[in-house]
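1. here is my input; please provide its structure:
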Amino acid sequence: MTTPPAVRDADHPSDDIIALVRELVSQETPSGDVEASARIADLLSAWFADLGGTVHRTTHDLGTDLVIDVPGTGAPVLLIGHTDTVWPMGTLQEDLPWSEDGDVVRGPGAYDMKAGIVVMREALRALQVLPIERRRAVRIVLVSDEEIGSPASGPLLAERARGAVCAIGFESPHPDGALKVGRRGSARVRIAVTGRAAHAALDPEHGVSAIDELVDQLLRVRAIVADPALPGPVLCNVGVLSGGGRTNVVPAQAEAEIGLRFLDPETEKQVLNALAALTPLRGDARVEVGVLSARPAWQASSEDRALLARIADAGAAIGQAVEGRPAAGAGDTNLLGGLGLPTVDGFGPRGGGAHAVDEHFLRSSLHERIALLRAMLTLPAD
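-> Below you'll find the predicted structure:
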């Protein structure tokens, strides 16, 4: 395989690229903050319009999504990312200030996944020197609600991917830099219980404790996910609990939010069906189960592995060894891989501390990923 000279000898990105990441990180964008989402969408729209991209905006209750088409040859390569982070406003000034220490760069959302957006931008910028017939057409999708399961943008993703030849996700890679080919499915489920309030000492027999009912329902959940008859294993985390208000009042309301992870679609289906069928154990209690978000299990296909092989070939041509394997975490690429579109994920830079106060990426890896994406986007169309 021959890599075009313009790709091999393009400017090595300077520290100005770190300034671009910092510019995105300085725009704090917690999930659900519509105004913050609109601000970063304005910035990114200008960035990609300067590269000849046609920008389409969609605003919903959780923020602003961007779909950007950049001219080139062949069916477009789909680049997937998100602009929201898990961090609340003020994190940059308090728990996780921006810092640069040698190869390590820290900041809220820097690793997950604003540095990945800069990889997209800088690779496309470098390719502008090539004639249009020597670079692939690209469609970029940046959503605003990925960290909470893409409840608004997820249903739109299949349509946004229509006509794409493959998809590349810019979430973090494995710690050693390997790409992600296949991911666990995930679901966020809420169990809400309604009981009946009463005085806990004077009139307890007239009360129905929503908290007691919820505790017993969670024991049922534990049994469902641990059932040895399930086709595959399940990871289950009760991440949020709420209910009641006073110790002298039988609580009338309680709820839990549960995170579930699945290796295969059949296990996912059986578990979600069993949870939906939960019924009250106490008379006059009411139990409601709702799926807040769901991403199907993505099991790597031969087409996914073929895409990985093409990326590995592109990497080898510029002196990079590229590997890939399945991952535990879920993302928007689950939706695309599950649809059968050839997909890989983990194209962001190496680093660590996602969702933690040590969130960071490696400056050197950022440069490597830009070079790899440039090489990938100059491969001839099939």
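
2. for residue 101, name its beta-bridge partners.
-> residue 104 (DSSP bridges).

3. residues contacting residue 366?
-> Residue 366 is in contact with 13, 17, 18, 21, 115, 118, 119, 349, counting by Cβ atoms under 8 Å, 6 or more residues apart in numbering. Any C-beta I mention is one placed from the backbone N, CA and C, and that applies to glycine too.

4. quick one: the third one is in a helix?
-> Yes - residue assignment for residue 18, taken from DSSP: H, G, I helix; E, B strand; the rest coil, places it within a helix.

5. mind listing what's buried in stretch 205-217?
-> 207, 208, 209, 210, 211, 212, 213, 214, 216, 217 (16 or more other Cβ atoms under 10 Å).

6. pLDDT wise, what is the second one at?
-> pLDDT for residue 208: 97.

7. surely it and residue 281 touch.
-> No - look at residue 208 against residue 281 with Cβ atoms under 8 Å: they stay out of range, at 10.5 Å.

8. so for those two, which residues contact both of them?
-> By Cβ under 8 Å, 6+ apart, no residue touches both residue 208 and residue 281.

9. so how far is residue 39 from residue 225?
-> 40 Å (Cβ to Cβ, to the nearest Å).

10. neighbour count winner among those two?
-> Under the criterion of other Cβ atoms under 10 Å, the comparison of residue 225 against residue 39 puts residue 225 first, with 20 against 16.

11. report the contact partners of the more buried one.
-> 234, 236, 260, 271.

12. ok, those residues vs residue 34, which is closest?
-> Distance to residue 34 across the contacts of residue 225 (Cβ to Cβ) is lowest for residue 260, with 28.0 Å.

13. now the helices for the chain?
-> Counting by DSSP state H, one finds helices in the chain at the ranges 5-8, 16-25, 34-49, 115-127, 154-160, 210-225, 265-276, 302-317, 333-339, 363-376.

14. pLDDT on the last one, on average?
-> This means helix 363-376. Rounded mean pLDDT across helix 363-376 is 96.

15. same check, this time on the fifth one
-> Mean pLDDT, taken over the full extent of helix 154-160, equals 93.

16. that older thread, quick one: closest of the helices of the chain to residue 357.
-> Here helix 16-25 is closest among those (Cβ to Cβ), at 14.3 Å.

17. for that closest one, buried residues please.
-> Using 16+ other Cβ under 10 Å as the test for burial, helix 16-25 gives 17, 18, 20, 21, 22, 24, 25.

18. with stretch 239-254 instead?
-> Across stretch 239-254, burial judged by 16+ other Cβ under 10 Å covers 243, 244, 250, 251, 252, 253, 254.

19. name the nearest of these relative to residue 92.
-> residue 243 (33.5 Å).

20. next up, the contacts around the closest residue to the closest one other than its chain neighbours.
-> Using Cβ to Cβ, 6 or more residues apart in numbering and skipping the chain neighbours, the partner closest in space to residue 243 is residue 254 (2.8 Å). Contact analysis of residue 254 by Cβ under 8 Å, 6+ apart lists 192, 193, 195, 210, 211, 213, 214, 241, 242, 243, 244.

21. and the closest residue to the last one other than its chain neighbours, what is it in contact with?
-> Leaving aside its chain neighbours, residue 244 sits nearest to residue 251 (3.4 Å; criterion: Cβ to Cβ, 6+ apart). Taking Cβ under 8 Å, 6+ apart as the contact definition, residue 251 lies against 195, 197, 209, 210, 211, 243, 244, 245.

22. please redo it, this time with the cut-off set to 6 Å
-> 209, 210, 211, 243, 244 (Cβ atoms under 6 Å, 6 or more residues apart in numbering).

23. dump these to TSV, plus distance to residue 316.
-> Shown next, in TSV, are the contacts of residue 251 (distance: Cβ to Cβ, whole Å):
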residue	distance to residue 316
209	63
210	59
211	59
243	56
244	60
